[in-house]
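In: Sequence and predicted structure, then a few things I'm wondering about:
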Amino acid sequence: MLMNKQSHLLGFLIAAAALLALPLGLQVVGDAWVRIAAFALLYVMLALGLNIVVGLAGLLDLGYIAFYAVGAYMFALLSSNQLTSNFDALGAMFPNGFDVSIWLVIPLGAGLAALFGILLGTPVLKLRGDYLAIVTLGFGEIIRIFMNNLNAPVNITNGPQGVSGIHGVRMFGWHFNRNINIGNYTINSVTEYYWLFLALVTLTVIVCYRLQDSRIGRAWMAMREDEIAAKAMGINTRNMKLLAFSMGATFGGVAGVMFAAFQGFVSPESFSLMESVNVLAMVVIGGMGNIPGVILGAILLSVLPEALRYMGFISDWQQQMFNHVYIDSGILRQLIYSMAMILVMLIRPKGLWPAPEHGKGIAALNMGNGTAVPAVAKEGV
């Protein structure tokens, strides 16, 4: 037992050191690859949040990217001159624009996104399947269109032009947009953001594991397996659904805050329906309900399209295959990406790393009629 614990600890320390050193190695190739790694971590956070709604609670959500947008626009408005330049009273009070601390912005982004999650969850409590998907899809599009048109009669979000000049993250007096110079070696600002995202992802993974193993997590899984049986055994499915939407939205809001700080610019085009579909694909292909699988799916589906962009041999290969007929590299990249997703779903329909069959929160409790009921019901959730 002691040897197993020591081997696990050693493996964890090696993995942690590798993740911390990864951007330093990627800097040698170019900052573009560090940005890809940083965005992969943002998508991991998004996928873990959506996994709470889809993987644990079994609620199909096609508008999850709306919470990402809420967090991003909240930080953009609080860390730029957008509001102070359009409202004279605010401009007089804050002549240099807002510069809100990250320690305040992250809880605000999480809380605001959770509030929007409750607003979404309240009207859809009795919907299931396709109807739930359509309503959540509409919610995501409403948020995007709302941000796109909130530039008249009062300009708040700057409409389709988006909000620019976002100040970025400042922590302990240090601005993450500055490079760190150690002798002749320079650590670029994008690497600093990578480390910040890695810390947030680590915290997200810990919270997700704690939720999954808690009474609430087992109630979600019982509700996912059989909502009627879960309700019959005393689980308040209404509250559990609202909690799932709000908790999932929380991680989306924090990821949106980090996205706005990292990009320095947000616009409605960054929060389209396809972004929701991509995040959902990460959860499904990785393995719904399994945290390591979701992380794997998020990394693969966020890195693969960008990695294909830098592979020059694809253009040479397609010209040889199609007798020197030119095919746009972007279209070809999406074709290869889509074919890879189809192959994965054909070969591994439950995902690359599916959740184990045991531990779903359902116990075959013999009630005299052979009906399986939620094991969590005995705890009175």
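Out: Looks like it arrived, so ask away.
In: by contact count, what packs against the strand or helix carrying residue 239?
Out: Using DSSP states H and E, residue 239 sits in helix 237-263. If you count contacts as 3 or more Cβ pairs under 8 Å, 6 or more residues apart in numbering; DSSP states H and E, helix 237-263 packs onto helix 31-51, helix 65-78, helix 102-121, helix 189-212, helix 215-225, helix 227-232. C-beta coordinates here come from the backbone N, C-alpha and C atoms, glycine included.
In: Export these as a markdown table, with columns for mean neighbour count, distance to residue 339 and mean pLDDT.
Out: Shown next, in a markdown table, are those (neighbours: other Cβ atoms under 10 Å; distance: least, Cβ to Cβ, whole Å; pLDDT from 0 to 100):
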| stretch | mean neighbour count | distance to residue 339 | mean pLDDT |
| --- | --- | --- | --- |
| helix 31-51 | 23 | 21 | 94 |
| helix 65-78 | 28 | 24 | 94 |
| helix 102-121 | 19 | 34 | 91 |
| helix 189-212 | 18 | 29 | 94 |
| helix 215-225 | 23 | 31 | 93 |
| helix 227-232 | 16 | 36 | 91 |
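In: Which stretch among these approaches residue 331 most closely?
Out: helix 31-51 (20.5 Å; Cβ to Cβ).
In: and the closest one, how far from the chain's centre?
Out: Centroid separation for helix 31-51 versus its chain: 8 Å, with Cα atoms, centre = their mean, to the nearest Å.
In: still on that earlier bit, which stretch among the helices and strands packed on helix 237-263 comes nearest residue 256?
Out: helix 65-78 (2.7 Å).
In: elements contacting that closest one?
Out: helix 102-121, helix 129-149, strand 163-164, helix 237-263, strand 265-266, helix 273-286.
In: right, so of the ones you listed, which gets closest to residue 37?
Out: helix 237-263 (11.9 Å).
In: Name the residues of the closest one that are buried.
Out: Using 16 or more other Cβ atoms under 10 Å as the test for burial, helix 237-263 gives 237, 240-263.
In: which residues of the protein score low on pLDDT?
Out: 1-3, 96-97, 310-330, 332, 357-381 (pLDDT under 70).
In: one more time with 50
Out: For the chain, the stretches with pLDDT under 50 are 359-381.
In: Spatially central, which residue of it would that be?
Out: Centroid-nearest residue in the chain: residue 46, 0.7 Å away (criterion: Cα atoms, centre = their mean).
In: Let me see the contact set for it.
Out: Taking Cβ atoms under 8 Å, 6 or more residues apart in numbering, we find residue 46 in contact with 64, 68, 251, 252, 255, 279, 282, 298.
In: Now render those residues as TSV, adding distance to residue 164.
Out: Shown next, in TSV, are the contacts of residue 46 (distance: Cβ to Cβ, whole Å):
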residue	distance to residue 164
64	25
68	18
251	26
252	23
255	20
279	25
282	28
298	28
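In: Closest one of these to residue 125?
Out: Of all those, residue 125 sits closest to residue 64, with 17.4 Å by Cβ to Cβ.
In: Correct me if wrong: the closest one contacts residue 245.
Out: No - assessed by Cβ atoms under 8 Å, residue 64 is found out of contact with residue 245, at 9.6 Å.
In: what do these two both touch?
Out: Here residue 64 and residue 245 have residue 53 as joint contacts, going by Cβ under 8 Å, 6+ apart.
In: So for residue 12, which of the helices and strands packed on helix 237-263 sits nearest?
Out: helix 189-212 (11.0 Å).
In: now the closest one, how far from the centre of its chain.
Out: Chain-centre distance of helix 189-212: 11 Å, with Cα atoms, centre = their mean.
In: by contact count, what packs against it?
Out: Checked by 3+ Cβ pairs under 8 Å, 6+ apart, helix 189-212 has helix 2-29, helix 31-51, helix 237-263, helix 291-309 packed alongside it.
In: want to try JSON lines for these, with distance to residue 114 as columns?
Out: Listed next are those as JSON lines, based on distance: least, Cβ to Cβ, whole Å:
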{"stretch": "helix 2-29", "distance to residue 114": "28"}
{"stretch": "helix 31-51", "distance to residue 114": "11"}
{"stretch": "helix 237-263", "distance to residue 114": "4"}
{"stretch": "helix 291-309", "distance to residue 114": "20"}
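In: Looking at those helices, which is nearest to residue 74?
Out: helix 237-263 (7.0 Å).
In: between the closest one and helix 273-286, how many degrees?
Out: 110 degrees (axes from the mean of the first three to the mean of the last three Cα atoms, to 10 degrees).
In: I'd like the helices and strands packed on helix 237-263 laid out as CSV, including distance to residue 293.
Out: Output for the helices and strands packed on helix 237-263, formatted as CSV (distance: least, Cβ to Cβ, whole Å):
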stretch, distance to residue 293
helix 31-51, 9
helix 65-78, 21
helix 102-121, 23
helix 189-212, 12
helix 215-225, 15
helix 227-232, 24
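In: of all the ones you listed, which lies closest to residue 92?
Out: Nearest to residue 92, of all these, is helix 65-78, at 17.6 Å by Cβ to Cβ.
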